[in-house]
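Colleague: quick one: sequence and predicted model below, then my questions.
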Amino acid sequence: MTEQVHRGTACAVAPVTRKFQALHAALLSDFFLFEKFQGSCSKWTEKCTDGFLSVRFGSRGPMLYHLCAPLYILWIAMAQAAGQEDREKTTALKDLLSRIDLDELMKKDEPPFTFPKTLEEFEYAFNEYGQLRHVKTGEPFVFNAREDLHRWNQKRYEALGKIITQYVYELLEKKCNMTKAILPVDATEDEPTSFVYLSPDALSNPSKLLLLIQGNGVVRAGQWARRLIINQDLDSGTQIPFIRRAMEEGYGVMVLNPNENYLEVEKPAKSSPLPSSPEPPDEPAEKRERKDDKEGKKKREFYEKYRNPQKEMETERLLIRENGSSEEHVLYVWDHFVSKAAAKNVFIMAHSYGGLSFVELMNQREMQVKNRVCAVALTDSAHDIWLQETSKGTQDWMQQFCCNWVSSPEPLDTPVDPMLPDCPRVSAGTERHELTSWMSFNSIFRFFSEILEAKEDQEAEETSNTVTTRSSSLKNKHQDL
């Protein structure tokens, strides 16, 4: 009892602003402790403050409560009397804390975003199996090169990805003997351009032409999935195995580039506004507005240090004419290349969003596609015949000449229930979306061959029937004569 009374007396004598806050914290701590042990404390008898103090301090609890309560009330009154200035400081502090993101603040300690420009400088190379390995350790690529620096690691990964893109372009040109065709075909020197890759006989092959269309994202011509190229191998992540197989079987090949839609350039600096004429002294409200603008500018500059500490270049995108989206690109390539190609039978393979772009092509050029395209292989296609409002004729055609290999735990080529009445769906033999093209590799070429063989048999039968009918007609005329 003596100890507790002495403690209360000391609070009354000591400086109020320190002791009362400590006392308030102690009372709150005791109250929360009371709530925590409310269900299990055997000494607790009443659900009230006096009962709580009896539990905490025995018979001396009520006395301590009567000693502390006035002091607590006095502290609250003094806090309320602290004035408008303290409240304004508190508000300003809350505003500052709400604006500063700790993740952004940590960017100040990031290493510079300067990365190697070649695989050799990265100290990585592709081995004989097409796997990316460190030249010294032989280990696969490690994303978390520096712990707790996710943004820096991501920037490093993106820098490597750009090198991979150029590496795949070199493979297309040197290993597959393909050449670039610039888009738009009538581009001027000062406008942004894109390109596709063509095999030597892409436009002249009289029999078969294969179009390869990847999904959306960072992948460019010749790639299915950058992640697979970096973490698995070139065969699974690039279109090169499809290109070589197609060439061996007598196809001309076009490699589309549906994600090369824009040229990224540095954003021009914003010009500062012209100084306004001095305001007359009888307009204090506008002067206050100018003062607020000036203070706001200082705040923005202060926060900018945290938002963009490394002064990353701000860029804008200049869209490529008539190729500003995947859908536009596929339509443009059809109109300017495929429609002019000599091939009698056109085959299309499209992955993910590429399937959506193909369906949009059918919506725009339905009769041309039906007359020229022999078969379409889709892998985990993102198309939707309802949202894309495809015609009944298109749906019926897709049911007959398309097949979609989807991610599934079922074995390869196992039929999967169709979600929409468009085209048959079969398992790709994998549950990984990005692997569906590679896992379906052999099945896709077998599908193309079967469709082409059925078409040629039908044409031969029709030709035979035509010849038989003509022969019978000539015989009848001869008999009449």
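Modeller: Nice, thanks for sending it over. Keep in mind that this is a model prediction, so the values were computed, not measured.
Colleague: please name the residues that touch A428.
Modeller: T379, D380, W405, V406, S407, S408, L412, L435, T436, M439, S440 (CB atoms under 8 Å, 6 or more residues apart in numbering). The C-beta positions use only the backbone N, C-alpha and C, and glycine is treated the same way.
Colleague: tell me which two of those sit farthest apart.
Modeller: Using CB to CB, the two most remote members of the contacts of A428 are D380 and L412, lying 13.7 Å apart.
Colleague: want to try a markdown table for the contacts of A428, with secondary structure as columns?
Modeller: Output for the contacts of A428, formatted as a markdown table (DSSP: H, G, I helix; E, B strand; the rest coil):
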| residue | secondary structure |
| --- | --- |
| T379 | strand |
| D380 | coil |
| W405 | strand |
| V406 | strand |
| S407 | coil |
| S408 | coil |
| L412 | coil |
| L435 | helix |
| T436 | helix |
| M439 | helix |
| S440 | coil |
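Colleague: same list as before, those that is, but in TSV and with neighbour count, distance to V333 and pLDDT included.
Modeller: Listed next are the contacts of A428 as TSV, based on neighbours: other CB atoms under 10 Å; distance: CB to CB, whole Å; pLDDT from 0 to 100:
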residue	neighbour count	distance to V333	pLDDT
T379	29	19	98
D380	24	22	97
W405	29	23	98
V406	21	25	97
S407	18	27	97
S408	18	31	96
L412	15	30	97
L435	22	26	98
T436	26	23	98
M439	18	27	98
S440	29	23	98
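Colleague: can you pull out the helices in the stretch 351-481 of the chain?
Modeller: Along the stretch 351-481 of the chain, counting by DSSP state H, counting those that start in this stretch, helices occupy 353-364, 366-372, 392-401, 436-439, 441-480.
Colleague: quick one, which of these is packed in tightest?
Modeller: Mean neighbour count, computed with mean count of other CB atoms under 10 Å, is highest for helix 436-439 among the helices of the stretch 351-481 of the chain, reaching a mean of 25.
Colleague: list the contacts of that helix.
Modeller: 224, 228, 235-237, 241-242, 349, 351, 379-380, 405-407, 412, 428-430.
Colleague: and M254, what does it touch?
Modeller: Taking CB under 8 Å, 6+ apart, one finds V196, Y197, L198, S199, A202, L209, L210, L211, L212, V333, F337, V338 in contact with M254.
Colleague: what about stretch 115-135, start to end distance?
Modeller: From the first residue to the last, stretch 115-135 extends over 17 Å; the measure is CA to CA, to the nearest Å.
Colleague: please begin residue numbering at 13 from this point
Modeller: Got it, first residue is 13 now, which makes that one stretch 127-147.
Colleague: where does pLDDT dip in the stretch 263-412 of the chain?
Modeller: Residues of the stretch 263-412 of the chain meeting the criterion pLDDT under 70: 281-324.
Colleague: repeat that for 50
Modeller: 286, 289-292, 317-319 (pLDDT under 50).
Colleague: hmm, Y179 is touching E132, no?
Modeller: No: judged on CB atoms under 8 Å, Y179 makes no contact with E132 at a distance of 11.2 Å.
Colleague: who has more neighbours, the two?
Modeller: When Y179 and E132 are compared for neighbours, Y179 comes out ahead with 17 against 11, by other CB atoms under 10 Å.
Colleague: quick one: what helix or strand has that one in it?
Modeller: helix 162-186 (DSSP states H and E).
Colleague: buried residues in the helix or strand just after that helix?
Modeller: Toward the C-terminus, helix 162-186 is succeeded by strand 191-195 as the next helix or strand (DSSP H and E). Buried residues in strand 191-195, defined by neighbour count with 16 or more other CB atoms under 10 Å: K192, A193, L195.
Colleague: next up, the contacts around the closest residue to C414 other than its chain neighbours.
Modeller: Distances taken as CB to CB, 6 or more residues apart in numbering put C435 closest to C414, at 3.7 Å, once the chain neighbours are dropped. Residues in contact with C435, defined by CB under 8 Å, 6+ apart, are V388, L390, M410, Q411, C414, C415, N416.
Colleague: just the buried ones among those, please.
Modeller: Buried, going by 16+ other CB under 10 Å: V388, L390, M410, C414, C415, N416, out of those.
Colleague: M325: which of the residues you listed is nearest?
Modeller: After measuring the buried ones among the contacts of C435 against M325 - CB to CB - the closest member comes out as L390, at 38.3 Å.
Colleague: what is that closest one paired to in the beta sheet?
Modeller: Beta-bridge partners of L390, counted by DSSP bridges, are A362, N416.
Colleague: gap between N156 and P427?
Modeller: 41 Å (CB to CB, to the nearest Å).
Colleague: likewise R163?
Modeller: For R163, the distance to P427 - CB to CB - is 45 Å.
Colleague: more neighbours: which of these two?
Modeller: Between R163 and P427, counting by other CB under 10 Å, R163 is the more crowded of the two (14 against 10).
Colleague: now stretch 425-433: buried residues?
Modeller: Applying a neighbour-count criterion of 16+ other CB under 10 Å, one finds D425, V428 buried in stretch 425-433.
Colleague: what mean pLDDT does it have?
Modeller: Averaging pLDDT along stretch 425-433 yields 89.
Colleague: measure it end to end?
Modeller: Stretch 425-433 end-to-end distance (CA to CA) = 19 Å.
Colleague: just give the nearest non-adjacent residue to V350, would you?
Modeller: V358 (6.3 Å).
Colleague: so which strand or helix has the one you found?
Modeller: Here V358 is assigned to strand 357-363, by DSSP H and E.
Colleague: follow-up on the earlier one: can I get the helices of the stretch 363-493 of the chain in JSON lines including distance to V231?
Modeller: Converted to JSON lines, the helices of the stretch 363-493 of the chain look like this (distance: least, CB to CB, whole Å):
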{"stretch": "helix 365-376", "distance to V231": "10"}
{"stretch": "helix 378-384", "distance to V231": "24"}
{"stretch": "helix 404-413", "distance to V231": "25"}
{"stretch": "helix 448-451", "distance to V231": "11"}
{"stretch": "helix 453-492", "distance to V231": "17"}
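Colleague: indicate which one of the ones you listed is closest to G150.
Modeller: helix 448-451 (23.8 Å).
Colleague: count the neighbours of A394 for me.
Modeller: Applying other CB under 10 Å, I find that A394 has 17 neighbouring residues.
Colleague: which residue, neighbours along the chain excluded, lies closest to S452?
Modeller: Closest to S452 by CB to CB, 6+ apart is W417, at 4.0 Å.
Colleague: what's the answer for Y179, then?
Modeller: Closest to Y179 by CB to CB, 6+ apart is L131, at 6.7 Å.
Colleague: F349 too?
Modeller: Per CB to CB, 6+ apart, closest to F349 is M266, 6.4 Å.
Colleague: quick one: contacts for L222?
Modeller: F254, A258, Y263, G264, V265, M266, V358, F359, I360, M361 are the contacts of L222 under CB under 8 Å, 6+ apart.
Colleague: so it is in which element?
Modeller: Counting by DSSP H and E, L222 is part of strand 220-225.
Colleague: could I get the average pLDDT for that strand?
Modeller: Strand 220-225 comes out at a mean pLDDT of 98.
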